[in-house]
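In: Whatever this is, show me its structure:
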Amino acid sequence: MSLTLDMSRIDSALEGFTIPPRPDMLKQVQEEVEKDEPNLKAISQYINQDIGIAGFTLKVVNSPLFSLPRKISTIEHACMFLGLKRLIKLVNSIVLRFTLSAGSEEIFTEKLWNSSMKIGNASLILAQHFELEKDFSDDCYTAGLFHNAGMALIFSQSANYPKLLKQAYLDSAIIGEFEEANFDTSHEVLGFLIAQSWGLNSEISNVIAYHHSPNIMLATGEASEQQMFAILKLAEHMTNSTEILTGVNPDNEWEKFSTQILDVLHLEDFQLLDLGETLFNAGIDNIYHV
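Out: As a prediction, this is how the structure comes out:
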């Protein structure tokens with residue numbers, strides 16, 4: 001990407017915030033995954049070290065979103081049914097959720113993670129529908145799961161964040177600029193730093209850094225970044241994420257940039273109805289299937 005984040009902006013964004021390091025368990029899992037012949041039993045044992053993570057992973061895997069033919073009772077079976085890479089990306093997001101929410105049961109926290117899970121799944125289904133490479137489709141899934149992680153950090157420092165975020169959407173504000181004016185940081189920058197700290201690739205990190213900056217991403221992003229960004233924004237739009245998080249509808253960002261976003265994916269408006277059916281058949285409710 002020709003435009004990179006200003007380091008002074010990053011230094012400023014970090015004041016008062018701590019980026020959680022990637023847990024040792026995930027490092028152990030990744031080392032095993034990168035072997036020529038990964039050992040599913042060893043990977044399962046690493047994940048099972050944390051009963052809470054393992055239990056929540058199985059709960060998510062057995063949810064309607066995955067539409068598996070049978071109930072999964074072990075992490076090893078989940079690896080076999082979902083595929084190793086997809087399961088690991090899911091575990092990454094769940095560990096991130098546990099790490100950032102620190103047991104919080106706040107309504108906004110639940111909305112945030114449920115929305116991210118839905119967007120991640122929608123991004124994966126859309127990428128598969130466009131017959132993109134499997135690794136790229138998995139990266140779209142990860143971008144969907146991680147893109148709003150910075151919101152959790154801001155919320156941990158400001159209980160008033162959901163109310164102010166809603167007002168920003170009502171005022172059609174540029175979200176990153178609004179956050180920087182009110183919190184001296186943005187969830188885009190914090191999300192970028194989390195992505196880098198957790199070893200996500202540069203495409204995912206850059207999309208997260210500019211996912212509320214369509215004018216920048218669509219003008220300067222590499223073709224693969226623009227494609228991932230377009231899939232992410234389409235998934236957000238179709239799953240009605242703005243209303244889920246803030247109660248505001250419509251999403252003014254989509255209203256303003258939808259034509260350019262759809263152009264990246266070579267889509268026309270009328271095709272969204274068919275995509276809505278595709279998502280619904282994968283277990284994902286969306287605004288194009290009533």
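In: ok, E277 - how many residues close by?
Out: Counted with other CB atoms under 10 Å, residues neighbouring E277 total 13. The C-beta positions use only the backbone N, C-alpha and C, and glycine is treated the same way.
In: show me the contacts for it.
Out: 288-289 (CB atoms under 8 Å, 6 or more residues apart in numbering).
In: Need the phi and psi values for it.
Out: Note on E277: backbone dihedrals following degrees, to the nearest 10 are phi -70, psi -40.
In: now D171
Out: Torsion angles at D171 (phi, psi; degrees, to the nearest 10) stand at phi -90, psi 0.
In: Just give me the neighbour total for it.
Out: 11.
In: which non-adjacent residue is nearest it?
Out: With sequence-adjacent residues excluded and distances taken as CB to CB, 6 or more residues apart in numbering, D171 is closest to F178, at 7.9 Å.
In: Surely that neighbour touches K166?
Out: No: the pair F178 / K166 is not scored as a contact, 11.1 Å apart, by CB atoms under 8 Å.
In: hey, C-alpha coordinates of the top helix by length along the chain in PDB?
Out: In the chain, with assignment by DSSP state H, the single longest helix is helix 107-129. In PDB, the C-alpha atoms belonging to helix 107-129 read as follows (Å, rounded to 0.1, in the frame of the first residue of the first chain):
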ATOM      1  CA  ILE A 107     -24.400  -5.200  26.200                       C
ATOM      2  CA  PHE A 108     -22.100  -3.300  23.800                       C
ATOM      3  CA  THR A 109     -19.300  -5.900  24.200                       C
ATOM      4  CA  GLU A 110     -21.700  -8.700  23.300                       C
ATOM      5  CA  LYS A 111     -23.000  -6.700  20.300                       C
ATOM      6  CA  LEU A 112     -19.500  -6.000  19.200                       C
ATOM      7  CA  TRP A 113     -18.300  -9.600  19.200                       C
ATOM      8  CA  ASN A 114     -21.500 -11.000  17.800                       C
ATOM      9  CA  SER A 115     -21.400  -8.500  15.000                       C
ATOM     10  CA  SER A 116     -17.800  -9.300  14.300                       C
ATOM     11  CA  MET A 117     -18.500 -13.000  14.200                       C
ATOM     12  CA  LYS A 118     -21.400 -12.400  11.800                       C
ATOM     13  CA  ILE A 119     -19.300 -10.200   9.500                       C
ATOM     14  CA  GLY A 120     -16.400 -12.600   9.500                       C
ATOM     15  CA  ASN A 121     -18.700 -15.500   8.400                       C
ATOM     16  CA  ALA A 122     -20.400 -13.300   5.800                       C
ATOM     17  CA  SER A 123     -17.000 -12.200   4.500                       C
ATOM     18  CA  LEU A 124     -15.900 -15.900   4.100                       C
ATOM     19  CA  ILE A 125     -19.100 -16.900   2.300                       C
ATOM     20  CA  LEU A 126     -18.900 -13.900   0.000                       C
ATOM     21  CA  ALA A 127     -15.200 -14.600  -0.800                       C
ATOM     22  CA  GLN A 128     -16.100 -18.200  -1.500                       C
ATOM     23  CA  HIS A 129     -19.000 -17.200  -3.700                       C
END
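In: now that helix: mean pLDDT?
Out: Averaged across helix 107-129, the pLDDT comes to 92.
In: If you count contacts, what does it end up packed against?
Out: Identification of packing neighbours for helix 107-129 by 3 or more CB pairs under 8 Å, 6 or more residues apart in numbering; DSSP states H and E yields helix 84-101, helix 134-146, helix 149-157, helix 223-238, helix 241-246, helix 272-281.
In: ok so, going back, OK, contacts around the residue nearest to D171?
Out: Contact analysis of F178 by CB under 8 Å, 6+ apart lists 164, 168, 171.
In: What sits closest to the second one if chain neighbours are left out?
Out: Once flanking residues are discounted, A168 sits nearest to F178: 4.2 Å by CB to CB, 6+ apart.
In: For the helix or strand containing the one you found, which residues meet the burial criterion?
Out: Taking DSSP states H and E as the criterion, F178 maps to helix 175-183. Of all the residues in helix 175-183, those buried under the rule 16 or more other CB atoms under 10 Å are 175-176, 178-180, 182-183.
In: From those, pick the one nearest L279.
Out: Distance to L279 across these (CB to CB) is lowest for I175, with 24.4 Å.
In: wait, E225 sits on M217?
Out: Yes: using CB under 8 Å, E225 is in contact with M217, at 6.8 Å.
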